[in-house]
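Visitor: Whatever this is, show me its structure:
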Amino acid sequence: QVQLVESGGGLVQSGGSKSLACVASGVDLDYYTIGWFRQAPGKEREGVASISRNDGRAWYADSVKGRFAISRDNAKNTVYLQMNNLKPEDTAVYLCGADNRAITTMFPLDPPHFSSWGQGTQVVVSS
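Guide: Below is the predicted model of the structure:
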């Protein structure tokens, strides 16, 4: 069973940066595709960025391309999300998801294809 714990959220001004971390335990993260998702009040969970389990390929939502970067440190069983040039519309609870199935890499930003989730960390971007 994969256990995921997110950290790094908080309050930041518009245009600022934040770095989130997702630490996994219970499994070897090498075999898992990891995604960062976000959910704002009253909105559906949406994929932000994902990184594949084998070749480190990354995918990004159009809304964050050029501003966010996902990376992984398998030795630390951790995936990071560096968020730059933050905007008020980036305000949400950010969650990481994990899955080790091959099909997840075909739908890397689709929440239903991730089977394990963390509790999330709140990011608030003030204008």
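Visitor: those helices in the protein, which residues are they?
Guide: When secondary structure is read from DSSP state H, the chain shows no helices.
Visitor: where in it is pLDDT low?
Guide: Counting by pLDDT under 70, the chain shows no low-confidence range.
Visitor: Tell me where it has strands.
Guide: All strands of the chain, identified by DSSP state E, fall at 3-7, 10-13, 18-25, 33-39, 46-51, 58-60, 68-73, 78-83, 92-99, 116-117, 121-126.
Visitor: Would you mind telling me which of those strands is nearest Thr105?
Guide: strand 33-39 (5.7 Å; CB to CB). The C-beta positions use only the backbone N, C-alpha and C, and glycine is treated the same way.
Visitor: Can you tell me the closest non-neighbouring residue to Leu4?
Guide: Spatial nearest neighbour of Leu4, chain neighbours left out: Gly118 (3.5 Å); criterion: CB to CB, 6 or more residues apart in numbering.
Visitor: show me the residues around that neighbour that make contact.
Guide: Counting by CB atoms under 8 Å, 6 or more residues apart in numbering, Gly118 makes contact with Leu4, Val5, Glu6, Cys22, Leu95, Cys96, Gly97.
Visitor: cool, Lys18 as well?
Guide: Lys18 is in contact with Gly8, Gly9, Gly10, Val12, Met83, Leu86, Val123, counting by CB under 8 Å, 6+ apart.
Visitor: Please identify, among the residues you listed, the one with the most neighbours.
Guide: Each of these was scored for neighbours by other CB atoms under 10 Å, and Met83 scores highest at 24 neighbours.
Visitor: isn't it right up against Leu20?
Guide: Yes - at 7.0 Å, Met83 and Leu20 qualify as touching, with contact defined as CB atoms under 8 Å.
Visitor: anything in contact with each of these two?
Guide: Joint contacts of Met83 and Leu20 (CB under 8 Å, 6+ apart) are Val123.
Visitor: Thr104 versus the most centrally placed residue in the chain, what's the distance?
Guide: Centre of the chain computed as the mean C-alpha position; nearest residue by CA atoms, centre = their mean is Trp36, 1.6 Å away. For Trp36, the distance to Thr104 equals 14 Å [CB to CB, to the nearest Å].
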